[in-house]
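J.: Here's a sequence, model it:
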Amino acid sequence: MTPPGWHADPGHSGKGPDQERWWDGAQWTGHVRPSPAAVRRRGIRIGVGVTVGAVVLAAIGGGMYLLREDDGGRPGIAVASPSAPPPAPEGSGAPDGGNGNEGDKDGDDGSQGPGEQLPPTEPGYATDLAAGISLPVPKGWTGKSAAVGAGLTTGEHACPGGADKTCVRGGIFSAPAVALKLTAGTAEEAAKKDIAVNAEESYGGDSYGKITSHEEIRSGAVTVAGQKGYAVRWKVVTEKGDDGYVESLVFPSPASKDMLVVVRSGFDINKAAPKLSVLDEIVKGIKAASGAGAGNGGAA
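T.: Numbering: from 1, shown residues only. As a prediction, this is how the structure comes out:
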């Protein structure tokens, strides 16, 4: 008997990227996601940012800012086009902050491709379908779900490097490690490797200037969504504007034991920014996505 979990989609037409479908132990459900191999081929990058005009969860260099449509076609984690959104499963609801499912149509940058659909929405959560996790959306924050990646942002303001871009006071984004081309044997190795990239993409570049120094303020094991992972947190000093805290958290997907998930965070050091305790509460609240429990041998 085939156990519940993500398996190759028996109804896939062969058009578009390979995908998996959720088997609940008795029947195939309407939940589909890109296969790990398809995610790996996409090779997206994530920093702490989202676009305003297209409402696309952006994977951007110079990280904690909000791109507008005329800033150019940078790669990103996109949600579905509003012209033909897939139907949500029965009983699902929009997460806090609204679903806002507008976005890029290029399937190669992490957006919805042929045969894919948005993850089932849960009230108060943003879901990363490929990673098999849902992030809790705090009150006052905006959460976005996607087939590959999920994100939370709060506190829009003019970037210190120029008023042509809008920054956020806090941002948290997730994606499978393979989508980031992050290769490491363990969660600890991956987190230690990713933190420098996260810092540069979140606080380097034109919006904040170069990072002049950093200090590691936390590094250690952590349990997330029932999985044993590892987190590294830095305080970074920037050339322009506010300094910030960045964290790279890596843990096995609760839906696929062979897939590592990366959660990147960035918080300004400013009285208007959320406190680090909010980040800790969000991490504690990360859970397996609804309908994507212990698939393919993941934790029960």
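J.: Give the ranges of residues in the stretch 51-200 of the chain that sit below the confidence cut-off.
T.: For the stretch 51-200 of the chain, residues meeting the criterion pLDDT under 70 lie at 51-121, 163.
J.: now the strands for it?
T.: Per DSSP state E, counting those that start in this stretch, the stretch 51-200 of the chain carries strands over the ranges 57-58, 65-66, 76-77, 125-128, 133-136, 142-144, 150-159, 162-176.
J.: closest to Asp18 out of those?
T.: Each of the strands of the stretch 51-200 of the chain has some distance to Asp18 by C-beta to C-beta; the shortest is strand 162-176, at 14.4 Å. (Glycine included, C-beta is placed from N, CA and C.)
J.: Direction included, what does that closest one pair up with?
T.: strand 65-66 (antiparallel), strand 150-159 (antiparallel), strand 256-268 (antiparallel) (DSSP bridges).
J.: Output the second one as PDB, restricted to C-alpha atoms.
T.: Listed next in PDB are the C-alpha coordinates belonging to strand 150-159 (Å, rounded to 0.1, in the frame of the first residue of the first chain):
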ATOM      1  CA  ALA A 150       6.800  32.000   1.000                       C
ATOM      2  CA  GLY A 151       7.400  35.400   2.700                       C
ATOM      3  CA  LEU A 152       6.400  37.800   5.500                       C
ATOM      4  CA  THR A 153       7.100  41.500   5.500                       C
ATOM      5  CA  THR A 154       6.300  44.600   7.600                       C
ATOM      6  CA  GLY A 155       7.100  48.300   7.900                       C
ATOM      7  CA  GLU A 156       7.600  49.800   4.500                       C
ATOM      8  CA  HIS A 157       9.700  52.900   4.300                       C
ATOM      9  CA  ALA A 158      12.000  54.800   2.000                       C
ATOM     10  CA  CYS A 159      15.400  53.100   1.500                       C
END
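J.: buried sites along that strand?
T.: Neighbour-count burial for strand 150-159 flags 150-155, 157, 159 (criterion: 16 or more other C-beta atoms under 10 Å).
J.: Output those in JSON lines; the columns should cover distance to Asp18.
T.: Conversion of those to JSON lines gives the following (distance: C-beta to C-beta, whole Å):
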{"residue": "Ala150", "distance to Asp18": "21"}
{"residue": "Gly151", "distance to Asp18": "25"}
{"residue": "Leu152", "distance to Asp18": "29"}
{"residue": "Thr153", "distance to Asp18": "31"}
{"residue": "Thr154", "distance to Asp18": "35"}
{"residue": "Gly155", "distance to Asp18": "38"}
{"residue": "His157", "distance to Asp18": "41"}
{"residue": "Cys159", "distance to Asp18": "39"}
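J.: Report how far apart the opening and closing residues of stretch 127-135 are.
T.: Start and end residues of stretch 127-135 are separated by 6 Å (C-alpha to C-alpha, to the nearest Å).
J.: Could I get the buried residue list for that stretch?
T.: Within stretch 127-135, the residues that count as buried by 16+ other C-beta under 10 Å are 127-135.
J.: of all those, which comes closest to Ala221?
T.: After measuring these against Ala221 - C-beta to C-beta - the closest member comes out as Ile133, at 18.1 Å.
J.: separation between the closest one and Thr223?
T.: 13 Å (C-beta to C-beta, to the nearest Å).
J.: what do you get for Phe173?
T.: According to C-beta to C-beta, Phe173 and Thr223 sit 20 Å apart.
J.: Of the two, which one has the most company?
T.: The neighbour comparison of Phe173 against Thr223 (other C-beta atoms under 10 Å) goes to Phe173, with 30 against 11.
J.: neighbours of Glu122, just the number please.
T.: By the criterion of other C-beta under 10 Å, Glu122 has 22 neighbours.
J.: and the longest helix anywhere in the chain, which residues are buried?
T.: Taking DSSP state H as the criterion, the chain has its longest helix at helix 187-203. Residues 187-188, 190-195, 197-203 are the ones in helix 187-203 that count as buried (16+ other C-beta under 10 Å).
J.: counting contacts, what elements does it pack onto?
T.: strand 211-224, strand 227-238, strand 244-253, strand 256-268 (3 or more C-beta pairs under 8 Å, 6 or more residues apart in numbering; DSSP states H and E).
J.: Can you list the neighbours in contact with the longest one?
T.: Residues outside strand 211-224 that contact it (C-beta atoms under 8 Å, 6 or more residues apart in numbering): 188, 192, 199-200, 203-204, 228-239, 245, 247, 249, 251, 263, 283, 286.
J.: Put the buried members of these into a ChimeraX selection.
T.: This is how ChimeraX selects the buried members of the contacts of strand 211-224, with burial counted by 16+ other C-beta under 10 Å:
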select :188,192,199,200,203,204,229,230,231,232,233,234,235,236,238,245,247,249,251,263,283,286
